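> All I have is the shape, not the residue letters:
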């Protein structure tokens, strides 16, 4: 916190908590205080954190379902065109459009496209960023070891650098600090 | 209907058992009339109803064995339902006796003159002969009675004496080899009771097809019972939408397993196109049987697959209960579709005897089930994971 004297842009605030239960209640307090651009950091997943942070259900299942129907429908269409239209071959005396025979490929492509939808949909839906204000804290390294953190970013409309530290203390934050971007060029930009 | 909050026993619920008993007795009388009118048709109706109620018990046995082997937490609170269902299996042997008596009407291979003119049946005779068939049926029920009553007794012992590590270990020591015994007996039961109606037909996947339908029907039965109990204010706190979600996921999964097995069987027979195998599907496409086949494709798989896929359908007692009833009806249609073309090759129309047999066996089985269910606590009270199971959140 001695860094407060260093000149730079304030990009957020960080508070440390003792255990997962305290982090969970802290997340509820931050959510209820109306903050939106905040995050919780813990060494392991915590059950109920989505609700505590007020996260809505992801729309990913709809993307996966859409991709699965696209893959399955496309596969059926492709096989129909290949076997019954473009290159007709009599196989074992069966009709050209033998949908029974097309099911394994239809099923396989539906699964493949559903998997594409799940992976790329997830990558598309999560906020892409290559840097995060918490990396300005020396303390933050402990998030992968034994500490639990709440970070609030300065981009949040409710963010007030005078009040945010007091707020984090009242909800039980042990070590609270402002996150300051020390890279001059970046700060100016 | 009241639940004692300390012993967790149902009281004031005897009328359910009485209604079931009355339905069962009325059904039995109707079955007697059916036997007098047309005994061949009656035995087919009886076999279908017998299979329907036996498979629910078989599914309950699997659910409990799997629960112990996999050390499951979620199913602790609903374990007693599966246990009570599997404990009715030994009584099903009484209902198997008419099947054994009607062997000449049901199973073509049991006629000596038919075997004398049929080389294939002669070759199969060391397996498909009446004494060995009866012995096998007795062995199946003996194996299920052994596993079912043993595990049920230990579970009641846990209620009375409390939890001990030795008991938990015993559950597992019985269940792991029990699953092997289960797999062999259930597959052979499917071969014997259904497949041997068509002794010239081959399908190696049939045992698993039979098994997949069984476990799905048990999960559906469990969903119905739980939602009915909840509707009457029983176990309202203990069973919430998270447990419905878990049961719904397994109904969905086992229904897909059934669809997978059904399609695999159909697909290989369709592709190979060998007359002795395709005749099975030819017989189910003639007359109005094509309607029954289409009902199975859409009703037993496609429609519930789309409807049960979403999260909200599985988490609500009313929608899950609706699809559980739907799938139980479809399970009956499935068994009907397997058995009936033997006696009525052109028409899929059900007879009043089908309802009579369902009433007779269903009423009596539900009476036995309810007697046992109300005699003991309806949740395993002193299982150490019970609270964890109640609190568990389904993602």
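Looks like it came in fine. Because the structure is predicted, anything quoted here is derived from the model rather than measured.
> What parts of chain A come near chain B?
A:47-48, A:61, A:65, A:92-94, A:100-101, A:103-104 (Cβ under 8 Å from any Cβ of the partner chain). For glycine as for every other residue, the C-beta is placed from the backbone atoms N, C-alpha and C.
> now the helices: where do they sit in chain A?
For chain A, helices defined by DSSP state H occupy the ranges A:20-32, A:49-52, A:60-80, A:99-125, A:164-170, A:184-188.
> residue farthest from the centroid of chain B?
With distances taken as Cα atoms, centre = their mean, the residue sitting farthest from the centre of chain B turns out to be residue B:117, at 36.4 Å.
> hmm, which helix or strand of chain A has the shakiest average pLDDT?
helix A:184-188 (a mean of 51; mean pLDDT, DSSP states H and E).
> In the stretch 251-395 of chain B, what residue lies closest to chain A?
Nearest residue of the stretch 251-395 of chain B to chain A: residue B:270, at 5.2 Å (Cβ to the nearest Cβ).
> tell me, how many neighbours does the residue nearest to that residue when sequence neighbours are not counted end up with?
In this structure, residue B:270 finds its nearest non-sequential neighbour in residue A:100, 5.2 Å apart by Cβ to Cβ, 6 or more residues apart in numbering or on different chains. The burial count assigned to residue A:100 is 13, neighbours taken as other Cβ atoms under 10 Å in any protein chain shown.
> now swap in residue A:81 and tell me
11.
> Check residue A:29 too.
By other Cβ under 10 Å, the residues close to residue A:29 number 16.
> what pLDDT does the closest residue to it other than its chain neighbours get?
With sequence-adjacent residues excluded and distances taken as Cβ to Cβ, 6+ apart, residue A:29 is closest to residue A:171, at 4.2 Å. pLDDT, residue A:171: 90.
> go on, residue A:19?
As summarised for this prediction, residue A:19 has a pLDDT of 89.
> on that earlier part again, show me what contacts the residue farthest from the centre of chain B?
By Cβ atoms under 8 Å, 6 or more residues apart in numbering or on different chains, the contact list for residue B:117 is empty.
> now do 10 Å
Residue B:117 makes contact with residue B:111 under the criterion Cβ atoms under 10 Å, 6 or more residues apart in numbering or on different chains.
> Could you check how far it is from residue B:111?
When Cβ to Cβ, to the nearest Å is applied, the distance between residue B:117 and residue B:111 equals 10 Å.
> and if you look at residue A:91?
The gap separating residue A:91 from residue B:111 is 41 Å, by Cβ to Cβ.
> from what I can see the residue nearest to residue B:270 touches residue A:79, true?
No. Judged on Cβ atoms under 10 Å, residue A:100 makes no contact with residue A:79 at a distance of 11.4 Å.
> Near the closest residue to residue B:356 other than its chain neighbours, how many other residues are there?
In this structure, residue B:356 finds its nearest non-sequential neighbour in residue B:30, 3.6 Å apart by Cβ to Cβ, 6+ apart. Summarising burial for residue B:30: neighbours were counted as other Cβ under 10 Å, giving 18.
> ok but residue B:30 is inside a strand, no?
No. The assignment for residue B:30 by DSSP: H, G, I helix; E, B strand; the rest coil gives helix, which leaves it out of any strand.
> Residue of chain A closest to chain B, please.
Residue nearest to chain B within chain A: residue A:100 (5.2 Å; Cβ to the nearest Cβ).
> How about the contacts made by that residue?
Going by Cβ under 10 Å, 6+ apart, the list of residues near residue A:100 reads A:94, B:263, B:266-267, B:270-271.
> now the residue nearest to the spatial centre of chain A: how far from residue A:37?
The geometric centre of chain A, computed from its C-alpha atoms, lies nearest to residue A:126 (Cα atoms, centre = their mean), at 4.1 Å. With distances taken as Cβ to Cβ, residue A:126 is found 15 Å from residue A:37.
> Quick check: the residue nearest to residue A:29 touching residue A:38?
No. Taking Cβ under 10 Å as the definition, residue A:171 is not a contact partner of residue A:38, at 11.6 Å.
> joint contacts of these two?
Common contacts of residue A:171 and residue A:38 (Cβ under 10 Å, 6+ apart): A:26-27, A:30, A:150.
> what's the closest of these to residue B:365?
residue A:27 (50.7 Å; Cβ to Cβ).
> so what's the nearest residue to the closest one once chain neighbours are set aside up against?
On the basis of Cβ to Cβ, 6+ apart, the spatially nearest residue to residue A:27 that is not a chain neighbour turns out to be residue A:52, at 4.1 Å. Under the criterion of Cβ under 10 Å, 6+ apart, the neighbours of residue A:52 are A:23-31, A:40, A:46.
> One more: residue A:95?
With contact taken as Cβ under 10 Å, 6+ apart, residue A:95 is in contact with A:83-84, A:101.
> So for the helix or strand hosting residue B:58, mean pLDDT?
Using DSSP states H and E, the secondary-structure element containing residue B:58 is helix B:39-69. Along helix B:39-69, the predicted confidence averages to a pLDDT of 95.
> again, but for stretch B:297-317
For stretch B:297-317, the mean per-residue pLDDT is 93.
> Wondering if it reaches chain A at all.
Yes. Between stretch B:297-317 and chain A, judged by Cβ under 10 Å from any Cβ of the partner chain, the touching residues are B:306, B:309-311.
> What are the buried residues along that stretch?
B:299-301, B:304, B:308, B:313-315, B:317 (16 or more other Cβ atoms under 10 Å in any protein chain shown).
> Please narrow the residues you listed to those residing in helices.
B:304, B:308, B:313-315, B:317.
> Show me which residues of chain B sit near chain A.
B:260, B:263, B:266-267, B:270-273, B:306, B:309-311, B:392-393, B:395.
> redo that, cut-off 7 Å
Along chain B, the residues adjacent to chain A under the rule Cβ under 7 Å from any Cβ of the partner chain are B:263, B:267, B:270, B:273, B:393.
> which among the residues you listed gets closest to residue B:360?
Top of the list for closeness to residue B:360, among those and by Cβ to Cβ, is residue B:263 at 33.7 Å.
> How about the contacts made by the closest one?
residue A:103 (Cβ atoms under 7 Å, 6 or more residues apart in numbering or on different chains).
> Helix, strand, or coil at it?
Residue B:263 falls in the helix class when you classify it by three-state DSSP.
> confidence score at it?
Confidence for residue B:263, expressed as pLDDT, is 95.
> per-domain residue ranges of chain A.
A:9-56+A:130-188, A:60-126 (automatic domain parsing).
> worst average pLDDT in those domains?
Mean pLDDT is lowest for domain A:9-56+A:130-188 out of the domains of chain A, coming in at a mean of 86.
> How about the residue located most distally from the centre of chain A, nearest residue that isn't a chain neighbour?
Here chain A reaches farthest from its C-alpha mean at residue A:93, the gap being 52.7 Å by Cα atoms, centre = their mean. If you skip the residues right next to it in sequence, residue A:93 has residue B:273 as its closest partner in space, 7.8 Å away by Cβ to Cβ, 6+ apart.
> And for the one you found, the neighbour number?
The local packing of residue B:273 (other Cβ under 10 Å) involves 11 other residues.
> Thought residue A:92 was touching it, still the case?
Yes. Under the criterion of Cβ atoms under 7 Å, residue B:273 is in contact with residue A:92, at a separation of 6.3 Å.
> Could you list the buried residues of the strand or helix carrying residue B:113?
Using DSSP H and E, residue B:113 sits in helix B:112-116. Applying a neighbour-count criterion of 16+ other Cβ under 10 Å, one finds residue B:115 buried in helix B:112-116.
> which residues of the stretch 1-150 of chain B fall in strands?
Secondary structure of the stretch 1-150 of chain B, counting by DSSP state E, counting those that start in this stretch: strands at B:2-3, B:10-11.
> from the chain's centre, how far out does the last one sit?
Just to be clear, that refers to strand B:10-11. 26 Å (Cα atoms, centre = their mean, to the nearest Å).
> and it, which strands flank it?
Within its sheet, strand B:10-11 is paired with strand B:2-3 (antiparallel), according to DSSP bridges.
> what's the average pLDDT for the partner strand?
When pLDDT is averaged along strand B:2-3, the result is 84.
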